[in-house]
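S.K.: please work out how this folds:
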Amino acid sequence: MLAMFDVRKEQIEAEIFSCSKKAVAQLTSHLTSCHTQLEVTGNRVKEVLRHKEERRRIGQRKKCMSNELIDLPEKSAACLSDVQFVIDESIFSAMETHMKIETADQDIIGVLKLNDSVDETKIIESECTIIDSEEQEVDLSEDLINSKQDTLSVNFPSSQAEVVFKELERVEIIWVDSPSSFYVRKIDDWTLSESLRSQLELMVDEVTEQLEFVMVGQIVVVVCRGTITRARVDSVVLGTASVTYVDLGGTGQHSLSQLTRLSGHLSTLPGLAHHCTLARISPPGTCWSSEATLALSQATDHTPCLMTVVCQASCSLPLTVSLYLQPGEGVAIDHKCCLAEYLVYKGLAVLTGARQTSSYQKGFLKLAPAREGSEQQVVVSHIEDPGCVFVQRLGENGGYAKYVNTLVEEMESAYCARMEEKSLTVLVPRVGMACVAQLSLDKKYYRAQVTAVLGGGRVEIQFVDFGSIEVTMDTNLYKILDKFLTLPVMATPVCLAGIGPLQRCGWEEEATQVLGKNTRLKELVMFVEEEKAGDDHCKVLLYERLPDKDVCINAWLVKEGHAVSLTGICTTLEYQKESLPLPVASTSEVEAEIVTIPGLSGDNKQEKVACRVISVQSPSNIFIRQVMDEESFYQINTSLQSHYNSRQAMNVKFSPGSMCAAYVAGKVGWARAKVLSVKGKKVELKLLDAGRNTTLPAESLRPLVTKFRFRNFV
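M.R.: Residues are numbered from 1 along each chain as shown. Below you'll find the predicted structure:
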């Protein structure tokens, strides 16, 4: 009952916690929405109050301009009928020749006839200057021409001059006319863009009047691509205005009846769309093709980009920029793709400057090279031919194999869920680039590396954890996540040592197929005969370990007639396992003791000791000598050389199993040996301190004296 009560209590607490989280999330969302609505409402109220204040000020100024505020003495009834005011009109001509009035807003007064919708404050607050024509004579006709030219050249301040872009600024492409003319918007301005759109919608709902006259450079409100947005008037011809959409990018034409007046802070806010052009490229012909525009538009559609300004010549010209596709989440920034190079790769543009060297991506880690004389457990993952075999190291207790299985599972899960993300697509493949691709056999995602770019969208890739090579389309490549670069490359290329092809032209296909069938899904033992040198693979011996013997794969190919032996190491196919009898511990002993083999020297009670490999016949026949025995071996070997160098030859017959001292040419000299067989004058021996067999003439042997018969150092 207590257990059930605890379980029920935990369930109730979990439900309460879940409900509280949902409530907090809903409350947070509601508060955010309320704040947004309050902000929009506040801006709307401020705008209404500002308009009312403007109308009040205009009304006051109109009243001041009228005669209503001037107190004049009342006329008597007699005066009303008798007195008449007469103005001498000649005074106007005299004034005209002596003075004129200049206003700071000449483009508004005398050139355009404004209706009530025009801001009268500018007219009233125009700065007036009285100029004596005798001191400064100006051609009135020339002034009128200049005044009209000033009217047509009115421009609002350019927004680009007020915006500063940092290096690799996060932007989005909002409109593309061509690679030399497109518009971007900062990602950080998205919230401002949404707020601006909401305010424009509210303003348009309130304003019903339409513009009959507009000025060049004036900011107005229009409907573009189904969105209410701001536009700057570029020109007006026959009642049609050509405009630039300052927040959406691009240009268009609208009749004056489709334009809505915009004033206040919304008209002075800098445009959010920034006109740009790609650096270092130009069209292959005289102009950009529709395919180039479409390629740039599709590559950047709903995908964040990184932009760096290369040159900003003037406010009226587009920004010259370097534009990159931002890598997806979890991908290193080194994987950013230059969109100019993408168009060049597709053949839709040509470079106008030197090609930049780009650190496009991180490389794979590699396992430490196998050392000569080392022995490792491996499985064969791919075979090009017996001279190029890819093996996977299993590691201690199969550790590497577990890592590979975990890696494959995680990659399959990640890329199946994110395969539609454009930010993970490889746009420009390069030789040596790390990527991810599907293997044609099982359609699963694996780590790969580009080995060749073949043209026409085709690339050659190698799956680095298996060694197999395939040709695929560049659209099938994906950027690799950082977390999948931590595991080193698992496939290691090796060459089978001691054997060569039957023909000089190279290995036959049959030899490759037979080797694959004999090694498929088998755990093998690899012994490194020769380390990797330069571009050559390390040379190895492969063994299949059976309970009673070791089978050499290299020698098996020779025996089956698919290869020739180049050295003597591949003449023996099978190595029988030698088992030394161990003394059985007394059954009366309660605790097990470490069993020692009689005749062995060194410390046998340690779990790990320092040793030196003397000779290797197979993975089951390895001869070693403990480092602590090196000095004792040197002393006995010195005594052996001194003793037999001073002895005369003796005619002695040896039989199999006899112990003797044999003279070996070279640096070895005299060595302790055991007779294996006698064939005439030739004797096959096993050199006890070298761990190998040899054949010598009988006259090179001497009986082994008793003092050299003890202590086996191997």
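S.K.: helices of the stretch 101-250 of the chain, start to end?
M.R.: 120-124, 140-152, 190-206 (DSSP state H, counting those that start in this stretch).
S.K.: and the chain, by the same measure?
M.R.: 2-65, 77-82, 90-98, 120-124, 140-152, 190-206, 265-268, 290-300, 339-345, 399-418, 509-519, 553-559, 630-645 (DSSP state H).
S.K.: what about the last one, average pLDDT?
M.R.: Along helix 630-645, the predicted local confidence has a mean pLDDT of 85.
S.K.: list the buried residues for it?
M.R.: Residues of helix 630-645 classed as buried under the neighbour-count rule (16 or more other C-beta atoms under 10 Å) are 633, 636-637, 640, 644. Just so you know, the C-beta spots here come from the backbone N, C-alpha and C atoms, and that holds for glycine as well.
S.K.: name whatever forms a beta bridge with the nearest residue to residue 249 once chain neighbours are set aside.
M.R.: Leaving out its chain neighbours, the residue that sits closest to residue 249 by C-beta to C-beta, 6 or more residues apart in numbering is residue 183, at 2.5 Å. Under DSSP bridges, the beta-bridge partners of residue 183 are residue 175, residue 275.
S.K.: residue 183 touches residue 271, doesn't it?
M.R.: No: taking C-beta atoms under 8 Å as the definition, residue 183 is not a contact partner of residue 271, at 9.4 Å.
S.K.: from what I can see residue 677 touches residue 656, true?
M.R.: Yes: Residue 677 is in contact with residue 656 according to C-beta under 8 Å; the separation is 5.7 Å.
S.K.: least trustworthy helix or strand in this structure by mean pLDDT?
M.R.: helix 120-124 (a mean of 36; mean pLDDT, DSSP states H and E).
S.K.: list the buried ones in stretch 364-382?
M.R.: Quick answer for stretch 364-382 (16+ other C-beta under 10 Å): 364, 370, 375-382.
S.K.: may I have it as CSV, with CA atoms only?
M.R.: Only the C-alpha atoms of stretch 364-382 are listed here, as CSV (Å, rounded to 0.1, in the frame of the first residue of the first chain):
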residue,chain,number,x,y,z
PHE,A,364,38.1,14.6,-40.0
LEU,A,365,40.3,13.4,-37.2
LYS,A,366,42.5,10.4,-37.9
LEU,A,367,43.6,7.5,-35.7
ALA,A,368,47.3,7.2,-34.9
PRO,A,369,49.1,5.2,-37.6
ALA,A,370,49.7,1.5,-36.8
ARG,A,371,53.3,0.8,-35.7
GLU,A,372,55.5,-1.8,-37.1
GLY,A,373,55.3,-5.0,-35.1
SER,A,374,51.9,-4.1,-33.6
GLU,A,375,48.9,-6.5,-33.6
GLN,A,376,45.3,-5.4,-33.7
GLN,A,377,41.9,-6.9,-34.1
VAL,A,378,40.1,-5.7,-37.2
VAL,A,379,37.3,-6.4,-39.6
VAL,A,380,37.5,-5.8,-43.4
SER,A,381,35.0,-3.1,-44.4
HIS,A,382,35.9,-2.6,-48.1
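S.K.: any idea how far that stretch is from the middle of the chain?
M.R.: Its chain's C-alpha centre lies 28 Å from the corresponding centre of stretch 364-382 when counted by C-alpha atoms, centre = their mean, to the nearest Å.
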